[in-house]
Structure formats: C-alpha cells, structure tokens
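J.: Quick one, what's the 3D model for this:
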Amino acid sequence: MAKLNITVNKARCVGSGDCVETAPGVFQMDGDEKSEAYNPAGAADNVILAAARACPVKAITVVDADSGTQLFPAPKK
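T.: From the prediction side, this is the model:
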C-alpha cells in the first residue's frame, strides 16, 4: 500500500455518500453532509481508488504521497 493523500473538494461534493459506501474506513460525512477523508490508511489502495471513481461529481483527488503522482483523476495532458 502506498501512502496516499486524499482530498475532497467540498465545493464540488454533493453528499451522495458513494465514497462512504465504498470505503467506510476512509470516508465519512461531516456535519454539512459533505464527504471527508478521515483515515487515508483505512482501506487498500484499490478500494480508495474505487471510492474516488464512485463519486458522481469527481470531487475526490488521490495522490501518491511518495512520488507526488496524481492517481485519480488522471492528470490532464
């Protein structure tokens, strides 16, 4: 497992909860019913990436902390 930096764009988040459903050990809903990544090490990398992909508005960014490579969404060329 890589060390991942997970960011949720609160302005974009619509509170669908898909990320929480996919990776409850990583994501939770805050008091405003927006997603937050409370435990970046709470699931395997593939589960975290699946949760980010499940977001209907692509509000979640996942970056490999060691290399700085953005894993999701794919960087624009």
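
J.: list the helices and strands the top helix by length along the chain packs on?
T.: Criterion DSSP state H: the longest helix present in the chain is helix 45-54. Identification of packing neighbours for helix 45-54 by 3 or more C-beta pairs under 8 Å, 6 or more residues apart in numbering; DSSP states H and E yields strand 4-8, helix 18-22, strand 60-64, strand 70-72. In this view, the C-beta of every residue, glycine as well, is placed from N, C-alpha and C.

J.: Looking at these, which is nearest to Ala54?
T.: Among these, helix 18-22 comes nearest to Ala54, with 4.0 Å by C-beta to C-beta.

J.: before we move on, back to that, can you add mean neighbour count and give the helices and strands packed on helix 45-54 back as JSON lines?
T.: Shown next, in JSON lines, are the helices and strands packed on helix 45-54 (neighbours: other C-beta atoms under 10 Å):
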{"stretch": "strand 4-8", "mean neighbour count": "19"}
{"stretch": "helix 18-22", "mean neighbour count": "19"}
{"stretch": "strand 60-64", "mean neighbour count": "19"}
{"stretch": "strand 70-72", "mean neighbour count": "17"}
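
J.: Let's have those in TSV, adding mean pLDDT.
T.: Formatted as TSV, those follow (pLDDT from 0 to 100):
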stretch	mean pLDDT
strand 4-8	97
helix 18-22	98
strand 60-64	97
strand 70-72	96
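
J.: coming back round to it: now do the longest helix of the chain and strand 4-8, the angle between them.
T.: Interaxial angle of helix 45-54 relative to strand 4-8 (axes from the mean of the first three to the mean of the last three C-alpha atoms, to 10 degrees): 20 degrees.

J.: Thank you kindly, that will do.
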